[in-house]
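1. Pasting a predicted model and its sequence here:
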Amino acid sequence: MIAMRRCYAISIIGMEGKNMNHNKKKILKVTALFVFMFFLGWGAGSLQKQQMKKTVETVSVQNQADNWGLGFGAEGTQPTGNVTADELKKYNAWYVGDKNKKTIYLTFDCGYENGNTEPILDALKKHNAKATFFVVGHFLESAPDIVKRMEEEGHAVGNHTYHHPDMSSISELASFQKEIDDVASLYQSITGKEMIKYYRPPQGKYSTENLKMAKELGYNTFFWSLAYVDWYADNQPTPEQAYEKLLGRIHPGAIVLLHNTSDTNGNILDELLTKWGNMGYHFGTLSELWESGNNEAVTADTESAQ
């Protein structure tokens, strides 16, 4: 009887041991499954965060603002821009002309009038050179008679925005358009004629979205391939300093940016135009540059179709 009880007890203990082992295995399986699911979820979340980060980085690069800049090489050669000429043409934008033609395109940014614009116009008239004057709202308001003279003497008057803001910070088409339209409307009220659709970003600040908006509004955007620090009224360059930059860096197809407010420019422009002429250069207009670019595009399209 005692032996039977011992056997029964041993049997019970054995069954309990088996049950405990079975339970342990179940617990281990559940634990392993939980750990696996945890790391699976963490990995998916991490991947999603990386994808979101890449998307944000891509968007920020596409919308990133930039300042127009140039890199100069050997004397007499075209500088490189921080965007290529071919890339700019996608947005009807330019910074330089034909590298094989000794043509200079004269442009002036006009923020306000201080007595230097008339001497500039006198020098241009003497040399029968046409220029494009990019004007802001204040200039139109304060110097309407000079604006009329520009138009009467065959110069183009382009759009430099009404308030001269950092346009790269404007992301809405309506706000962008208002800066442009207000200038065009005021110009028409002064001259009775529509303003040509040439646009120059204030301070050279732009974004790809700005270029797209300007194109959508029917504008051609013009940067530059030659300029110098001439805009500080109380720290004007000497004529020698101006000649060093403007003669040393001139190149075929140059779009030259000068400021109408510069005393130096008002004083030297007559002689500067003479010196450029003696170097074999002649003066063209942005309209001629635009037309030549369109003709090249038509030719390229025709050749590719054949």
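-> Structure received. Since the structure is predicted, the reported quantities are computational estimates derived from the model, not experimental observations. Residues are numbered from 1 along each chain as shown.

2. Could you report the separation of the residue nearest to residue 284 when sequence neighbours are not counted from residue 213?
-> In space, and not counting its chain neighbours, residue 284 is closest to residue 103: 4.3 Å by Cβ to Cβ, 6 or more residues apart in numbering. (Each C-beta comes from the backbone N, C-alpha and C, glycine too.) Separation of residue 103 from residue 213 (Cβ to Cβ, to the nearest Å): 29 Å.

3. quick one, which of the two is more surrounded?
-> Shown here are residue 103 and residue 213; by other Cβ atoms under 10 Å, residue 213 has more neighbours (22 against 19).

4. Distance check, the more buried one against residue 201.
-> The value you get for residue 213 to residue 201, if Cβ to Cβ is used, is 11 Å.

5. before we move on, the earlier item: got the contact list for the residue nearest to residue 284?
-> 97, 252-254, 281-284, 288-289 (Cβ atoms under 8 Å, 6 or more residues apart in numbering).

6. how many other residues sit next to the closest residue to residue 115 other than its chain neighbours?
-> Once flanking residues are discounted, residue 115 sits nearest to residue 266: 7.6 Å by Cβ to Cβ, 6+ apart. A count of nearby residues for residue 266, using other Cβ under 10 Å, gives 21.

7. Next one: residue 266 from residue 121, what distance?
-> Taken as Cβ to Cβ, the span from residue 266 to residue 121 is 10 Å.

8. coming back round to it: how far away is the residue nearest to residue 284 from residue 288?
-> For residue 103 relative to residue 288 (Cβ to Cβ), the value is 8 Å.

9. Just give me the longest strand of the chain.
-> strand 103-110 (DSSP state E).

10. Outside of the helix or strand just after that strand itself, list whatever touches it.
-> Following strand 103-110 in sequence order, the next helix or strand is helix 117-126 (DSSP states H and E). For helix 117-126, contacts defined as Cβ under 8 Å, 6+ apart pick out 106, 108, 110, 130-131, 143, 146, 149-150, 153, 155, 260, 265-267, 269-270, 273.

11. what's the answer for stretch 71-86, then?
-> Under Cβ under 8 Å, 6+ apart, the answer for stretch 71-86 is 66, 68-70, 88, 94-96, 99, 223, 225-226, 248-254.

12. Would you mind listing which of the residues you listed are buried?
-> Those of the contacts of stretch 71-86 that meet the buried threshold are 68, 70, 88, 94-96, 223, 225-226, 249-254, by 16 or more other Cβ atoms under 10 Å.

13. Check these and tell me the two furthest apart.
-> 88 and 250 (20.9 Å; Cβ to Cβ).

14. Walk me through the domains of this protein.
-> 1-59, 81-305 (automatic domain parsing).

15. quick one: residue 261 from residue 231, how far?
-> On the measure of Cβ to Cβ, residue 261 and residue 231 end up 7 Å apart.

16. what residues are shared contacts of residue 103 and residue 288?
-> Joint contacts of residue 103 and residue 288 (Cβ under 8 Å, 6+ apart) do not exist.

17. Surely residue 242 and residue 228 touch.
-> Yes. Counting by Cβ atoms under 8 Å, residue 242 sits close enough to residue 228 to count as a contact (6.6 Å).

18. more neighbours, those two?
-> Set residue 242 next to residue 228 and count neighbours by other Cβ under 10 Å: residue 242 wins out with 22 against 19.
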